[in-house]
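Q: Below are the sequence and a predicted model for it; my questions follow.
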Amino acid sequence: MGKKKKLSAGILLYRYHRGILRVFLVHPGGPFWAQKDEGAWSIPKGEYHDGDDPLATAKREFREETGSEVTGSFHALTPLTQPSGKVVSAWAVQGDIDAATVKSNTFSLEWPPHSGKQVEYPEVDRGEWFDLPTAELKLQPGQRGFLDQLQGLLKDPPPDRLCD
């Protein structure tokens, strides 16, 4: 019997600010990511199991990683398989969040390694709005396809899309 694939679900929040399309990304917390920037950011997301509702997971993870609720018209994007083999499902939704108010849940990690000392770190240490060219640089490579999908969605918007 093969290993089950890890599944993750997240939200690609977008807005128009001064006529420019921007997306909201989060930077992972903890010592491994502290000095990493380009290629380190992510959409707010988290793991779920077969049988769980991926959209409910995506909304919950957004709340846990940002401290904010997300509402609106959710548009499913095509899931992307990450280099690790994890499959990430995402939904694009137009909305707004104040990046300065991001407050994430925490996780515990032995740090420094082999020290026996457990340290609490935020799952996300900050969030930020980026225009698409900048987001392309910041986002983890395996998630960059979601930006192309968002552009395609907005070029040919669903009938229920709200315009600014």
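A: In hand now; what should we look at?
Q: Which residues does the lengthiest strand in the chain contact?
A: The single longest strand within the chain, with elements called by DSSP state E, is strand 7-17. Strand 7-17 is contacted from outside by 21-24, 42-50, 54-55, 57-59, 61-62, 70, 74, 77, 86-97, 129, 146-147, 150, 164, using CB atoms under 8 Å, 6 or more residues apart in numbering. Every residue, glycine included, has its C-beta placed from N, CA and C.
Q: tell me the average confidence for it?
A: Strand 7-17 shows a mean pLDDT of 97 in the predicted model.
Q: Show me which residues of stretch 18-26 are buried.
A: For stretch 18-26, a neighbour-count test (16 or more other CB atoms under 10 Å) marks 22-26 as buried.
Q: Tell me which entries of those residues lie within strands.
A: Those of the buried residues of stretch 18-26 lying in strands (DSSP E): 22-26.
Q: ok, and the closest non-adjacent residue to Ser108?
A: Nearest residue to Ser108 in three dimensions, chain neighbours excluded: Gln118, at 5.0 Å (CB to CB, 6 or more residues apart in numbering).
Q: Quickly list what that neighbour is bridged to.
A: Beta-bridge pairing of Gln118 under DSSP bridges involves Glu110.
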